[in-house]
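>>> just coords:
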Ligand code: C2O
């Protein structure tokens, strides 16, 4: 195992992907930022220098951070932000996971431009559980605003409405030639007959995305850095936070083919960015001047196609790292995602119905970040008083017809709070994640830090345990860190709390986090030093 070192300089960077120059915050003047490549078992050390005008933290999305919670990165959860002009070193081991993950800023909305791929290959000499690809290609799907994203978020939070829609989607930072002024299109050359591994990452802020390559079938082999049973498909749907690894065989007549992505919109109630980003798959033997062939993407609202893809993935139960599914459950939770309306300041012109401001919640608790001390530090120092409480409810306060809009509309009351759920070391937790029709039904991508979970089942309507429990997949469920909970539906996840620390679980639609669609788990230490959270590194930023 090796020690892999990187230096990140986070700073202003001027780019012009569309018609207008824009100053963005980026790492090492790259968009996307540097790709990190490690092998399972390695130690990663990243020195992060904040040369930007904003506070920043970096989150290593999907990394287990076993006993290294101080390196997880969500601001005010596991650390205070790195101030402008300061530095913090993230150091952690990468064990028990292989595949595609990514890293991104976890302060405010800065992840729009502060992100990159984190690729974990098997330990030396270990093969992939699929044919060895000729080349591996990261495909980072992003979202671009021709504006300062900090302003976009501030305006949304101040006005209390949804953020302005984006101006483009991007493939590896490039919008592609279907947009006005965009001459920069991602291009990948292929050799006829060879197999390619595309490591697809959805780094977009507010949109799930359909992805296709014209003329080519794809075989999914991993999702969220967990191997899947090979799943053939012509379309991939990927939610913000998720990754999907697919094999592509270059077996078509040599020509030029577009790869393309556009949104999957589960709740078409508001305006959305309906544009399409493209990249080019170019056979080496063909003339590059020929017009590429365009794939036909599913309709924006094609929930059946999205659901079929998401729910048909299964885990590769015979692969390395696939853990047995814990059968005995210690903690059962039922978590609803609701929205609320806050009264707006007098005179303010707020964007939500009734001159109000949107809030979001889990079990009617709208999550508030502390500002004096991070949750992890408060927990470690036994100083929770005034920072958090341990009374996050296991169930919503009232049972109702969650997915029935008229009934659900009555349940907008929510309380603000920093209420954590306490878990014993190694407890097995099962959570029913239930979308509701409060304000609208939509598909929320829910991300859990610190763990992968098994997806035992998912479906539409209100979850009914008596009917669904015997259908749980206890044989080869997919393992993920982010689950797109079906619109007007539910998903059941299960994980073992084998990692002491504080771990946030939140919606990865960017603006839903400041609205409060989150909670956090406090996992207690195990019986020995090797199952206990070590003290923080000496350079941990203070608030
Ligand atoms: Cu990728 Cu807490 O997020």
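Looks like it came in fine. Everything quoted here is computed from the prediction, not taken from an experiment.
>>> enumerate the residues of the chain near the ligand.
Contact residues (C-beta under 6 Å from any ligand atom) of the chain with the ligand: 59, 61, 74, 104, 106, 241, 447, 449, 504, 506, 508. Backbone N, C-alpha and C define where each C-beta goes, glycine included.
>>> adding neighbour count, pLDDT and distance to residue 258, write those out as TSV.
Output for the residues of the chain next to the ligand, formatted as TSV (neighbours: other C-beta atoms under 10 Å; pLDDT from 0 to 100; distance: C-beta to C-beta, whole Å):
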residue	neighbour count	pLDDT	distance to residue 258
59	26	98	32
61	27	98	28
74	24	98	36
104	24	98	27
106	26	98	33
241	26	98	25
447	24	98	30
449	28	98	35
504	24	98	37
506	24	98	34
508	27	98	27
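>>> in helices, which of those residues appear?
Among these, none falls in helices (DSSP state H).
>>> among the residues you listed, which lie within strands?
Counting by DSSP state E, those place 59, 61, 104, 447, 504, 506 in strands.
>>> contact partners for the closest residue to the last one other than its chain neighbours?
Here the nearest residue to residue 506 in space, its sequence neighbours aside, is residue 518; by C-beta to C-beta, 6 or more residues apart in numbering that works out to 3.6 Å. By C-beta atoms under 8 Å, 6 or more residues apart in numbering, the residues touching residue 518 are 362, 367, 504-507.
>>> mind listing what's buried along stretch 350-357?
350-352, 355-357 (16 or more other C-beta atoms under 10 Å).
>>> please apply the same query to stretch 71-85.
By neighbour count, with 16+ other C-beta under 10 Å as the criterion, the buried positions of stretch 71-85 are 71-82.
>>> for the residue of the stretch 351-500 of the chain at minimum distance from the ligand, list the residues it contacts.
Closest approach of the stretch 351-500 of the chain to the ligand (C-beta to the nearest ligand atom) occurs at residue 447, with a separation of 5.1 Å. Going by C-beta under 8 Å, 6+ apart, residue 447 touches 61, 241, 481-482, 505-508.
>>> what is the nearest of those residues to the ligand?
residue 61 (3.7 Å).
>>> show me what contacts that closest one?
Residue 61 sits next to 101-104, 118, 241, 447, 481 when contact means C-beta under 8 Å, 6+ apart.
>>> please apply the same query to residue 363.
Neighbours of residue 363 in contact, by C-beta under 8 Å, 6+ apart: 335-336, 392-393, 395-397, 519.
>>> go through those and flag which are in strands.
335-336, 519.
>>> any chance of these in CSV, plus pLDDT and neighbour count?
CSV is the format used below for those (pLDDT from 0 to 100; neighbours: other C-beta atoms under 10 Å):
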residue, pLDDT, neighbour count
335, 98, 24
336, 97, 25
519, 98, 23
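>>> closest one of the residues you listed to residue 192?
For the ones in strands among the contacts of residue 363, the minimum distance to residue 192 (C-beta to C-beta) is 49.4 Å, reached by residue 335.
>>> ok, now which ones touch that closest one?
The contact partners of residue 335, by C-beta under 8 Å, 6+ apart, come to 362-363, 396, 431-434, 519.
>>> how close does the nearest residue to residue 112 once chain neighbours are set aside sit to the ligand?
Computed as C-beta to C-beta, 6+ apart, the closest residue to residue 112 that is not its neighbour in sequence is residue 149, at 4.4 Å. Distance from residue 149 to the ligand, counting by C-beta to the nearest ligand atom, to the nearest Å: 16 Å.
>>> begin at 414, not 1, for the rest of this chat.
Got it, the first residue is 414 from now on, which makes the last one we talked about residue 562.
>>> pop out the phi and psi values for residue 562.
phi -60, psi -30 (degrees, to the nearest 10).
>>> which residues touch stretch 608-615?
Applying C-beta under 8 Å, 6+ apart, the contact partners of stretch 608-615 are 512-513, 515, 530, 532, 544-554, 601, 603, 621-622, 624, 631, 634, 649, 651-663.
>>> report the buried members of those.
Among those, those scoring as buried are 512-513, 515, 530, 532, 546, 550-554, 601, 603, 621-622, 624, 631, 634, 649, 651-663 (criterion: 16+ other C-beta under 10 Å).
>>> does residue 691 touch residue 592 like I think?
No. Between residue 691 and residue 592 there is no contact, the gap being 9.3 Å when judged by C-beta atoms under 8 Å.
>>> and for residue 939, the neighbour number?
17 (other C-beta atoms under 10 Å).
>>> do the one 4 residues further on as well
Taking other C-beta under 10 Å as the criterion, the count of residues near residue 943 is 8.
>>> wasn't it part of a helix?
Yes. Counting by DSSP: H, G, I helix; E, B strand; the rest coil, residue 943 falls inside a helix.
>>> contact partners for it?
residue 480.
>>> ok, now residue 503?
Counting by C-beta under 8 Å, 6+ apart, residue 503 touches 457-459, 461, 471, 473, 484, 486.
>>> flag every buried residue along stretch 777-785.
777-780, 782-783.
>>> repeat for stretch 906-923
Using 16+ other C-beta under 10 Å as the test for burial, stretch 906-923 gives 906-923.
>>> for that stretch, how far is the first residue from the last?
Length of stretch 906-923, first residue to last, C-alpha to C-alpha, to the nearest Å: 22 Å.
>>> chain center to it: distance?
Centroid displacement of stretch 906-923 relative to its chain, using C-alpha atoms, centre = their mean, to the nearest Å, is 12 Å.
>>> which stretches of the chain form helices?
For the chain, helices defined by DSSP H occupy the ranges 562-572, 716-725, 788-793, 818-821, 878-881, 925-928.
>>> mean neighbour count, those helices: which tops it?
Ranked by mean neighbour count under mean count of other C-beta atoms under 10 Å, the helices of the chain are led by helix 788-793, which reaches a mean of 23.
>>> and that helix, what does it pack against?
strand 914-920, strand 931-936 (3 or more C-beta pairs under 8 Å, 6 or more residues apart in numbering; DSSP states H and E).
>>> partner strands of the first one, parallel or antiparallel?
Looking back up the chat, that one is strand 914-920. Neighbouring strands of strand 914-920 in its sheet, by DSSP bridges, are strand 857-861 (antiparallel), strand 931-936 (antiparallel).
>>> could you dump those strands into a markdown table with distance to residue 415 added?
Compiled in a markdown table, the strands paired with strand 914-920 are given as follows (distance: least, C-beta to C-beta, whole Å):
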| stretch | distance to residue 415 |
| --- | --- |
| strand 857-861 | 28 |
| strand 931-936 | 29 |
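>>> and the nearest residue to residue 586 once chain neighbours are set aside, what does it touch?
Distances taken as C-beta to C-beta, 6+ apart place residue 444 nearest to residue 586, at 4.3 Å, with adjacent residues excluded. The neighbours of residue 444, taking C-beta under 8 Å, 6+ apart as the test, are 426, 428, 437, 526, 586.
>>> in those, which residue is surrounded by the most others?
The residue in those with the most neighbours, by other C-beta under 10 Å, is residue 526 (26 neighbours).
>>> surely that residue touches residue 436?
No. The pair residue 526 / residue 436 is not scored as a contact, 10.0 Å apart, by C-beta under 8 Å.
>>> quickly list what's touching both of the two.
Contacts common to residue 526 and residue 436, judged by C-beta under 8 Å, 6+ apart, are residue 426.
>>> nearest to residue 667, of the contacts of residue 748?
Residue 667 lies nearest to residue 846 out of the contacts of residue 748, by C-beta to C-beta, at 45.7 Å.
>>> in the stretch 464-613 of the chain, which spans are strands?
Using DSSP state E, counting those that start in this stretch, the strands of the stretch 464-613 of the chain run over 471-474, 500-506, 512-518, 528-534, 548-557, 581-584, 599-603, 608-615.
>>> same check, this time on the stretch 614-763 of the chain
For the stretch 614-763 of the chain, the strands defined by DSSP E, counting those that start in this stretch cover 621-626, 631-636, 639-646, 649-651, 656-662, 669-677, 690-696, 744-756.
>>> can I get these in JSON lines with distance to residue 500?
Converted to JSON lines, these look like this (distance: least, C-beta to C-beta, whole Å):
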{"stretch": "strand 621-626", "distance to residue 500": "34"}
{"stretch": "strand 631-636", "distance to residue 500": "34"}
{"stretch": "strand 639-646", "distance to residue 500": "33"}
{"stretch": "strand 649-651", "distance to residue 500": "33"}
{"stretch": "strand 656-662", "distance to residue 500": "28"}
{"stretch": "strand 669-677", "distance to residue 500": "35"}
{"stretch": "strand 690-696", "distance to residue 500": "34"}
{"stretch": "strand 744-756", "distance to residue 500": "37"}
